[in-house]
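**Q** Structure for the following, please:
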Amino acid sequence: SKEITTLDGLWGFYCETETQIVRGIELLLFLELGLLTSTAIFDRVGRRNGAIVGSVIAAAVTVVGTWIPSFELMLAIRVLQGYGQFINFTGVYCWVIEFAPSHLRNPCSAMLSMVWSFGYIVIVLIGYLIPVWNYIFLATGILNFLMITPLLIYPMSPRFALVREKEEDAKRILESWSKVCNNNISFENVSLTYKSRKQNYLKQLKD
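**A** Residues are numbered from 1 along each chain as shown. Just a heads-up that it's a prediction; the model follows:
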């Protein structure tokens, strides 16, 4: 007999009506979890670090999914995957927009969406080249870990530093970017004008 190597073959993952309903609930779960927690994460550790947290969650549970033997556990894995990816996407989006000048924010937003969409092509290619679903999870998880690398290299947003009343950190970030642009500027004797914003979690949810 031929060995079943797909999720659909094992559990009817995409075909059964009941399964489709469960997957819809999954979607609502990770979206709600992401919305309820991402703001708190971003306002405490920053957009970049929040995106790293999301990537680590998604990558780790994807790798673990390689060895998950049951349908119920796989559902939990998929909720955590979506939760991590939601935090990663929104964190990177906010981080990029904070760096972009106001007149370039719409083009930057469009480019970010295009890069994200390119990931779907990569996932389809992985599924085409790797016939066993366990190894699809493993390859995707490893790729997710590799995609964290750019986030570790790039600096925090200076706007986030100012919001958290860390003016010296903001100056340091701006100076590092001036070096990248071959326009070395010192902010030692510059006073930055900003408005701090520290809210508790309930206030953030209300806003």
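
**Q** list the contacts for the residue positioned nearest the centre of the chain?
**A** With distances taken as Cα atoms, centre = their mean, residue 88 lies nearest the centre of the chain, 0.8 Å away. Neighbouring residues of residue 88 by Cβ atoms under 8 Å, 6 or more residues apart in numbering: 51, 54-55, 58. Every residue, glycine included, has its C-beta placed from N, CA and C.

**Q** Could you single out the nearest of those to residue 147?
**A** residue 55 (6.6 Å; Cβ to Cβ).

**Q** neighbouring contacts of the one helix or strand residue 151 maps to?
**A** According to DSSP states H and E, residue 151 maps onto helix 149-153. For helix 149-153, contacts defined as Cβ under 8 Å, 6+ apart pick out 48, 51-52, 55, 92.

**Q** tell me which residues of the helix or strand that contains residue 114 are tucked away?
**A** If you go by DSSP H and E, residue 114 is part of helix 105-129. By 16 or more other Cβ atoms under 10 Å, the buried positions in helix 105-129 come out as residue 112.

**Q** and what of stretch 57-64?
**A** Neighbour-count burial for stretch 57-64, counted by 16+ other Cβ under 10 Å, picks out 57-63.

**Q** can you give me the mean pLDDT across that stretch?
**A** For stretch 57-64, mean pLDDT rounds to 91.

**Q** Dump the contacts of residue 88 into JSON lines; add secondary structure as well.
**A** Putting those into JSON lines (DSSP: H, G, I helix; E, B strand; the rest coil) gives the following:
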{"residue": "51", "secondary structure": "helix"}
{"residue": "54", "secondary structure": "helix"}
{"residue": "55", "secondary structure": "helix"}
{"residue": "58", "secondary structure": "helix"}
